[in-house]
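Trainee: I would like to see how this sequence folds:
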Amino acid sequence: MKREALETAEETETKRPKTEGAADTNKYPFTPGVIERGHIYFFYRPKVQREEVHSMDDVAKLHMLLVPSPSESFNMQVKIEQSKDVSGADADEMNLVAQGADAAPPHESTTKDKKHFRLIIVGKKKLPDPEHEKHAPIWATVIFVGDNLHDLEEKLGERTYETKTRGTRHTPPVRLAGRGVYAIVNSQGNVPSRNSTHLGYHLSHPTELGDVQKALGIHIASSFVIQVKNPNAEAQAGQRVGLPKSRRAIYSEGIMQHVFGRGERGRSSIGLRFTNCNCIELLDHEGAELLFIPARTGTEGNDESLGNGRGEALEEVGRYESEEQVEQIFKELAFNKDRFPAEPLKGEWA
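Mentor: Next comes the predicted model:
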């Protein structure tokens, strides 16, 4: 897919006519700053009847799990207090981390089985790669949204089913390939067409990339632009992407009107084909189709994408939480660790 073939929000937002009273009726304005932060997990599922995975040829799907955190900020008071007693570069770094604390999630509970989550399947079985495929967007789809982690455990677990032609078939459980912290940030440009939404993450596990992470496009720290597809927009000529209409997200009239711009003068009848993530509600619909556009890698890259030292803050939390044992990761997801192989966290296929 060529990026220039897409009618993105940036390319079409400038056509939006100004309407009197719009500010009073729009409940979904583009809101700059952090719109969500939390913990991120990467899983891959082997192909049917493949009990072991040796390479990407044996991988069926790549899943990205987002578990948003409550509104409380990660406690960086120690860092802030320490910054008062140091000077020079160290003080600058500590102040920068404190400045980006709005992107840092609090510690994840290991005693709750009721947490909001959304499970996303990533196209091409790999994340967008800012280092080698800067202009190669990746499609993704929200496939499961819920609040009960036990339902999620069943969704990601192994499955056995019967077919008329092939008999009994077995789908192995997913494998945990990465865990970290993330933030979704809206950045306001000098004109509406320059607005953008970035998701940036920093891994806590693993701390060094192995063959598994490299093959799946998982970096220690990375960011990408998120755009949300209008469910009423059909694929352009020659493209075979996207869900059938029956499986696409169903958004409220308010979102269709104020976010996608349906019915606005000077615009097509369906409005924008793609838009920024004005509000996090856009991602809380099963069937939401997303476009991940590579942005930057590394802590400095996240700082540039997310702004205000937020890359540094994510790195600090990731480093702090890297000391947690793998067993604790499964506890925070309320998963039975014996059901899900975790060898890929060491970079080894399983």
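
Trainee: Strands along the stretch 1-150 of the chain, start to end?
Mentor: Defined through DSSP state E, counting those that start in this stretch, the strands belonging to the stretch 1-150 of the chain, from first to last, are 33-46, 59-68, 114-122, 138-148.

Trainee: In TSV, list those along with mean pLDDT.
Mentor: Conversion of those to TSV gives the following (pLDDT from 0 to 100):
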stretch	mean pLDDT
strand 33-46	97
strand 59-68	98
strand 114-122	98
strand 138-148	97
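
Trainee: Of the ones you listed, which is nearest P172?
Mentor: Comparing those against P172 with CB to CB, the closest turns out to be strand 33-46 (4.5 Å). C-beta: built from backbone N, CA, C; applies to glycine.

Trainee: strand partners of that closest one, parallel vs antiparallel please.
Mentor: Sheet neighbours of strand 33-46, with direction, are listed as strand 59-68 (antiparallel), strand 175-187 (antiparallel) (DSSP bridges).

Trainee: Any buried residues in that strand, and which?
Mentor: Buried residues in strand 33-46, defined by neighbour count with 16 or more other CB atoms under 10 Å: 34-46.

Trainee: hmm, back to that, including distance to S204, could the strands of the stretch 1-150 of the chain go into a markdown table?
Mentor: Supplementary listing: the strands of the stretch 1-150 of the chain in a markdown table, determined by distance: least, CB to CB, whole Å:
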| stretch | distance to S204 |
| --- | --- |
| strand 33-46 | 9 |
| strand 59-68 | 13 |
| strand 114-122 | 17 |
| strand 138-148 | 22 |
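
Trainee: Any idea how many residues pack against the closest residue to T207 other than its chain neighbours?
Mentor: By the measure of CB to CB, 6 or more residues apart in numbering, the closest residue to T207 outside its immediate chain neighbours is S322, 5.3 Å from it. As a burial measure, the neighbour count of S322 was computed by other CB atoms under 10 Å and equals 15.

Trainee: Repeat that for G167.
Mentor: As a burial measure, the neighbour count of G167 was computed by other CB under 10 Å and equals 7.

Trainee: Phi first, then psi, for it.
Mentor: Phi and psi for G167, reported as degrees, to the nearest 10, are phi 80, psi -140.

Trainee: do you know how far it is from T160?
Mentor: With distances taken as CB to CB, to the nearest Å, G167 is found 11 Å from T160.

Trainee: Then A295?
Mentor: With the distance defined as CB to CB, A295 ends up 40 Å from T160.

Trainee: cool, and H202?
Mentor: Counting by CB to CB, the separation of H202 from T160 is 37 Å.

Trainee: Among A295 and T160, which residue is more densely surrounded?
Mentor: Under the criterion of other CB under 10 Å, the comparison of A295 against T160 puts A295 first, with 22 against 8.

Trainee: Pretty sure E327 sits in a helix.
Mentor: Yes. Secondary structure of E327 (DSSP: H, G, I helix; E, B strand; the rest coil): part of a helix.

Trainee: got a list of what it touches?
Mentor: K337 (CB atoms under 8 Å, 6 or more residues apart in numbering).

Trainee: rerun that using 10 Å as the cut-off
Mentor: Contact partners of E327, counting by CB atoms under 10 Å, 6 or more residues apart in numbering, are T110, K337, A342.

Trainee: Quick check: closest non-adjacent residue to the first one.
Mentor: Across the structure, with CB to CB, 6+ apart as the measure, the residue nearest T110 apart from its sequence neighbours is K331 (3.9 Å).

Trainee: Got the confidence number for the one you found?
Mentor: Here, the pLDDT recorded for K331 equals 97.

Trainee: Could you tell me how many residues sit around it?
Mentor: 16.

Trainee: Can you tell me how far it is from K112?
Mentor: Relative to K112, K331 is positioned 10 Å away (criterion: CB to CB).

Trainee: Can you show me the helices along the stretch 251-350 of the chain?
Mentor: 253-258, 298-306, 310-321, 326-332 (DSSP state H, counting those that start in this stretch).

Trainee: Quickly compare those helices and say which is most buried.
Mentor: For these, ranked by mean neighbour count under the definition mean count of other CB atoms under 10 Å, the leader is helix 310-321 at a mean of 24.

Trainee: orientation of that helix relative to strand 175-187 in degrees?
Mentor: Angle of helix 310-321 versus strand 175-187, following axes from the mean of the first three to the mean of the last three CA atoms, to 10 degrees, is 150 degrees.

Trainee: other SSEs contacting helix 310-321?
Mentor: strand 33-46, helix 89-99, strand 175-187, strand 196-205, strand 221-229, helix 298-306 (3 or more CB pairs under 10 Å, 6 or more residues apart in numbering; DSSP states H and E).

Trainee: Tell me how many other residues surround P106.
Mentor: For P106, using other CB under 10 Å, the count is 16.

Trainee: Look at it and report its pLDDT.
Mentor: 92.

Trainee: ditto for E131
Mentor: As summarised for this prediction, E131 has a pLDDT of 88.

Trainee: cool, and the one 4 residues further on?
Mentor: Reported pLDDT at H135 in the predicted model: 79.

Trainee: In contact with G217, which residues?
Mentor: For G217, the set of contacting residues under the criterion of CB under 10 Å, 6+ apart consists of 42, 62, 122, 124-133, 138, 294.

Trainee: again, only this time at 6 Å
Mentor: Taking CB atoms under 6 Å, 6 or more residues apart in numbering, we find G217 in contact with K126, L127, D129.

Trainee: Adding neighbour count and distance to A177 as columns, could you present those in TSV?
Mentor: Listed next are these as TSV, based on neighbours: other CB atoms under 10 Å; distance: CB to CB, whole Å:
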residue	neighbour count	distance to A177
K126	18	11
L127	24	11
D129	18	15
